[in-house]
Every structure is written in C-alpha cells, then in structure tokens.
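Engineer: Here is a sequence with its predicted model. Questions after.
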Amino acid sequence: MFLNRGVSTERGAALASVLGVMAVGLLFASLITAAVVGAFGVSSSTRSGVQSGAAADAGVAAARQGLYVAGNCAAQAVPGTYASAVAPKYSAKVEYFAGSTWNAGCPPVTATEVRITSLGTAETPGVNGATAGNATKVEAILKYLVPGVEPSGIALYLYRGGTVESNSSFDLTESPGAGLMVKNGNFDCAKNNAVINGSVLVTGNLTFTGTCTVNGSAWVSGTATLGSGKIRDNLTAGSVSPNPPGTRVGGTYTHSAIIPAVPPWTEVAYTPTAWQDPTGAPYEVRTLGACALPNGTLGGTSAGKPVIINALDCALGPTAANNTTVKLTSDVVIFANTFNFSGVNSLQFSSSTGAVHKLWFITPDQLSDAQPTCSAPTQGDFSVKNGFTINSPIEALVYTPCAFAGVNGFTWRGQMIAGNYSSAKNNPIFTFVPIGLPGVDLDTGSVTPRITSPQPGSVVSNREVTD
C-alpha cells in the first residue's frame, strides 16, 4: 500500500514537470512568433516608408519640371496640383510667395519663391499595424526666377572718381557695403556741409576740403586728408592727415593700403535683345520723335509694356524744353550718346498713374576693353541742373562711360554708374534705390545667365514635414 502511494506521487510530479516544460516551450514559441511578426511589421514599414518617400520626391520633381513650361501648372486637372494615381503615387500642391504671404496656386511673374508640398503614398502598405511609412510629406522651397532686370549694384559707382560739394545730401544707407565706390581715381568732398549717409570705398585718395561728413566707414588705398571733415565710424587708409586723425574718425583708424576690391567696369552696349519683360517678351523699340522728350506721357505703345527709346542718331541727344514733366506709362530705356540737360530748367520724370516705373539713361560703351571709353566727340557727359527731378515712385539709373555732371539742386532716386571724373554740386539730393542692368551682376561685374521664361531657381530648403 505504501509502495502504491509512492508511485502515484512520482507520476504526479512527472506530469507537473512535463506541463512546466510545455508551458516554457509555449512561452518561447510565443516570443519567437511575436518577434517574427514584429520584425515583419518593421520591415514592411521600412519598405512602405521608402516607397512613400520616393513617391513624394517624385511629386516635387514633377511639379518642378512642370513649372519650367509656360501654362503647364494651370493646365493640370486641378490647377496648381500635380498628381499621379499610379506608382509612384503622389499629390504635389504648388504655392507662391509674393509680398509677405504664401498663396495657393500657380506662380505669377511677381512671385519671388515657390513652395511645393508633395504627399507620397506607398505602393505596398505596412502590415501588422505598422502604418507609419504608408505616407510621406515633403516640402521644397525654391527661388522663382523671371526674365528681366535683376536689381544689383551699389548707389554710386564712379570709375575715375568725383567730387561732391555745397550741401550735397546722399542717402546710401540701403546700399550693400560701401554705397560709393571709386575704382581708379580720387574722391573729393569739398565745400560746405556735404553729407554722405553710408560708407565709401576709394582706390585712390580721399580729400575733405570742407565740412564734409561720412556717416559710415571709409576704405582708402591712398591718402585720406580729412581737413575739417569727419568719418563717423572706422577708417582704413594707406596714410592719413592729420596723423593721428583724432576726433575726425569716430571709430578705429587702421593704417593699411589693403582695402576691399571694387568691382570691375561693366560694359554695356546697345543690345535690344538683352531687354525682356518678366514674361520673356522683348521690349518694344522706338525712336524719339524730333529727338525731344515730351511734356506729357512716355512709354510703350501698349499700356504698361516696357519700351526702348533709341536716340543714338540724335546728334545732341534727347532735348527738352524748360518746365517739362515726362510722365512714364511703363518702364523706359533711353539710349543716347549724350544727355545734355544743362540748359534746361525744371525737367521732371513722374509716373502717369502712381505706379512704380523704372527709367534707364544709357550711353553705350563702344569699346570692349574692361574700362570706360567715352568716345568724344560723338559721345558726351550726362549733364543736369536746376530742377532736374526723378519723382517718387520713379526709379532711375544712369550709365555712362563719360561723366555725370550735376549742379544746382537736382534730385535723383536710383543709381549712378559713370566712367569719367564726375561731380554733384550745390544742394543735390540723392537716394539709393537698387535697379540694375540686364545680363550682369553689378555687385561682382560678372555676366549672369539669361532667363528666357519664368522658372524655378535654386533650392532654398527641402525637408520632410508632418501635419
């Protein structure tokens, strides 16, 4: 009897051991199964993430390519949205930046940037709840480029130097770096309270012979003779008089002839095909009737369309009567071998409607030798006097390989580029506004690629985003 009891106990113990082993086995099997299922889910999520990411990138590429083709964006089934229902599946929406906000839709010529937001969908979704990679959203922001003139350059570029005097007022504060540059010559700030709000860069000598003030810094490769003038900030010069400059320099004086480089001279010829409006259409070309500027409207034949006025055959250049107001109806480029308004009182340029228009006065450089060539006697200076005024919101640029000569209270908004020693005397007022010239970066003097139609430019940013 006692023997039988022992057998029963041993059998019970053996059964418990077997059940324990089975339970452990089932646990390990469950763990292995869960691991396999989890790994498969992770693997499928990775695969779907790669597919959806590639699809989103494909949407950005499709939209970007479409924006190179005129009218393609608006021709989509939903204008401004590029979509694909087959692999790679994406929906890419286009927005543009103009002014201060992002706007949905195809970019107009006023846009400065485009944003493409593309949602890509995986061809094979993840399994076992691994849905994270099923969709990917990518955002790409690109510059938006249009034909026409890209603003560049400084306020006053005087290749061979110049002089200002007698209550001259120059606001160059918005000019990048030095607002006044001399490539190969001297700059003289003479007589009675001339004020330059901005910095100057002179490859030559700087001379103050009156109470001249530079509200900025000055870089001078030669001698800075300060007289009774003052430089508000820092001065770098090959030499200075008086030495030390004392309170005539508000910041630090550095004795060095090594100064920043001045951009090279830009060659501008009469090339009408270089001028295009933002849509890529060429400027209209016309001559100036009787070689006289009108006391009235001037602009393109079609309202608002820019025009080139070819006055190169006018021996005396464009003429004007006293008390003339030229009202621009569009952007205007005037080519002439001389602009002599020194005998004209009160010649003004205004906007006919209050809209901003640009005005270029260009005397072509007829010799391509990387320096200004004023071909006298056929070419002459740009000369103005009493009451010559560029009224806001008109913005004007003068380019001449000869000299700029302004006296007796002229007012200018824009830029000046002059090859020979120039002058601004007796109460002139100058305000910098960037305008530029076609096909060239005036900041560097380098040629820029020609854009023939509105199109995306360089990438500003490219990133994956979440809602």
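Structural biologist: Looks like it came in fine. Numbering: from 1, shown residues only.

Engineer: Strands along the stretch 1-150 of the chain, start to end?
Structural biologist: Assigned by DSSP state E, counting those that start in this stretch, the stretch 1-150 of the chain shows strands spanning 81-84, 89-98, 101-104, 113-121, 135-145.

Engineer: What is the neighbour count of the residue nearest to residue 340 when sequence neighbours are not counted?
Structural biologist: Nearest non-adjacent residue to residue 340, counting by CB to CB, 6 or more residues apart in numbering: residue 383, 5.1 Å away. For every residue, glycine as well, the C-beta is placed using N, CA and C. For residue 383, the count of nearby residues is 21 (other CB atoms under 10 Å).

Engineer: just to revisit the earlier point, now the strands of the stretch 1-150 of the chain as CSV including distance to residue 179, mean pLDDT and mean neighbour count?
Structural biologist: Compiled in CSV, the strands of the stretch 1-150 of the chain are given as follows (distance: least, CB to CB, whole Å; pLDDT from 0 to 100; neighbours: other CB atoms under 10 Å):
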stretch, distance to residue 179, mean pLDDT, mean neighbour count
strand 81-84, 44, 96, 19
strand 89-98, 28, 96, 21
strand 101-104, 31, 95, 12
strand 113-121, 27, 96, 22
strand 135-145, 26, 95, 20
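
Engineer: for these, which one sits closest to residue 465?
Structural biologist: Among these, the nearest to residue 465 by CB to CB is strand 135-145 (4.8 Å).

Engineer: With just CA atoms, put the closest one into PDB.
Structural biologist: Provided in PDB are the C-alpha atoms of strand 135-145 (Å, rounded to 0.1, in the frame of the first residue of the first chain):
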ATOM      1  CA  ALA A 135       2.600  58.200 -46.400                       C
ATOM      2  CA  THR A 136       5.400  60.800 -46.500                       C
ATOM      3  CA  LYS A 137       5.100  64.500 -47.000                       C
ATOM      4  CA  VAL A 138       8.000  66.500 -48.400                       C
ATOM      5  CA  GLU A 139       8.200  70.300 -48.700                       C
ATOM      6  CA  ALA A 140      10.600  72.000 -51.200                       C
ATOM      7  CA  ILE A 141      11.000  75.800 -51.400                       C
ATOM      8  CA  LEU A 142      12.800  77.200 -54.500                       C
ATOM      9  CA  LYS A 143      13.600  80.600 -55.700                       C
ATOM     10  CA  TYR A 144      11.400  81.800 -58.600                       C
ATOM     11  CA  LEU A 145      13.200  83.500 -61.400                       C
END
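
Engineer: by contact count, what packs against that strand?
Structural biologist: helix 2-66, strand 113-121, strand 455-465 (3 or more CB pairs under 8 Å, 6 or more residues apart in numbering; DSSP states H and E).

Engineer: Considering these, which stretch scores lowest in mean pLDDT?
Structural biologist: Ranked by mean pLDDT, those bottom out at helix 2-66, with a mean of 64.

Engineer: Sweet, I'm off.
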